[in-house]
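> requesting a structural model of the entry that follows:
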Amino acid sequence: MKNNKLKYFKDNFSLKDFIGLIEFNKKPTKPNTWHNLILLEAGVFLLVACSSKFNGKKTYDEILNYLYNKENNLIEHWKDLEEKGSLLPSINSNFKLINPKKKYEFSVIIDEIDLAAAYAFHIIFSKVNSTYFISFWYEDFEAQSGEYSFLNKTFKSLNKAELFLDNILKKKLGLNEKLSMNNSDDEIILYKKINKLISTLG
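Residues are numbered from 1 along each chain as shown. From the prediction side, this is the model:
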């Protein structure tokens, strides 16, 4: 039933326009970067690539209204696909979710200061241009915010994508070899660092 509802987006999605939006926005135009990285609004780009602003059959407002229409009961399923990294592969067969041995998923939960957030990175392969993307999903439960995005760096080999992501997680975000945190102090540091990455959105 849920997959049938995604047909609305499949029928209106323009692969060429989605990839074009990613490529056009990859180069930072503002000084607000995090270790020379920015986040690209992949969730927004997906909806735009379904709209008649480019080659879609529906307006952007129609696409958005369909997604959030309570009668369709779709938004929670959509968010679940974002979290699992399977949103784009569910919309278009050009994209394939790569399942490496390591799980790039973690959360920060500290009851004493009402802090609760979840994060997930995934590697996604695009067949048409033989390119690997890194997606990033987060949800901050206390701030009631969340986003599905892509890092602005792409790769031509899976090995390079995995090495780059390992470097980000361990050296830039401070996760240990098991891609986890040792204590609540580490969790707070991670939360602050990831917020700097999130601040590059838009």
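
> from here on, contacts and neighbour counts on C-alpha atoms
OK.

> check which residues of stretch 5-16 are buried.
6, 8-10, 12-15 (16 or more other Cα atoms under 10 Å).

> tell me the mean pLDDT for it?
The average pLDDT within stretch 5-16 is 90.

> that one: how far from the chain's middle?
18 Å (Cα atoms, centre = their mean, to the nearest Å).

> do me a favour and get the end-to-end distance for that stretch?
22 Å (Cα to Cα, to the nearest Å).

> and stretch 147-162, by the same measure?
End to end - Cα to Cα - stretch 147-162 spans 22 Å.

> next, give phi and psi for the closest residue to K156 other than its chain neighbours.
Leaving aside its sequence neighbours, K156 sits nearest to T131 (Cα to Cα, 6 or more residues apart in numbering; 5.0 Å). Main-chain dihedrals, T131, degrees, to the nearest 10: phi -130, psi 140.

> beta partners for T131?
S126 (DSSP bridges).

> one more: the one 5 residues further on?
Beta-bridge pairing for F136 (DSSP bridges): F121, S149.

> that one contacts I124, doesn't it?
No: using Cα atoms under 8 Å, F136 is not in contact with I124, being 10.7 Å away.

> check what pLDDT G202 gets.
Residue-level pLDDT assigned to G202 equals 66.

> for A116, helix, strand, or coil?
Secondary structure, DSSP: H, G, I helix; E, B strand; the rest coil: A116 is strand.

> most remote residue from the chain's center?
What lies farthest from the middle of the chain is E112; by Cα atoms, centre = their mean that is 28.9 Å.

> let me know the pLDDT of that residue.
74.

> just the one 4 residues further on next, same as before
Here the pLDDT value assigned to A116 is 87.

> does the nearest residue to it once chain neighbours are set aside count as helix, strand or coil?
Closest residue in space to A116, ignoring its immediate chain neighbours: I109 at 4.4 Å, by Cα to Cα, 6+ apart. State at I109, reduced to three classes by three-state DSSP: strand.

> give me the low-pLDDT residue ranges for this protein?
In the predicted model, the chain carries pLDDT under 70 at residues 1-3, 53-56, 100-102, 143-144, 202.

> please, where are all the strands along it?
In the chain, the strands defined using DSSP state E lie at 39-40, 95-98, 105-110, 115-126, 131-140, 145-151.
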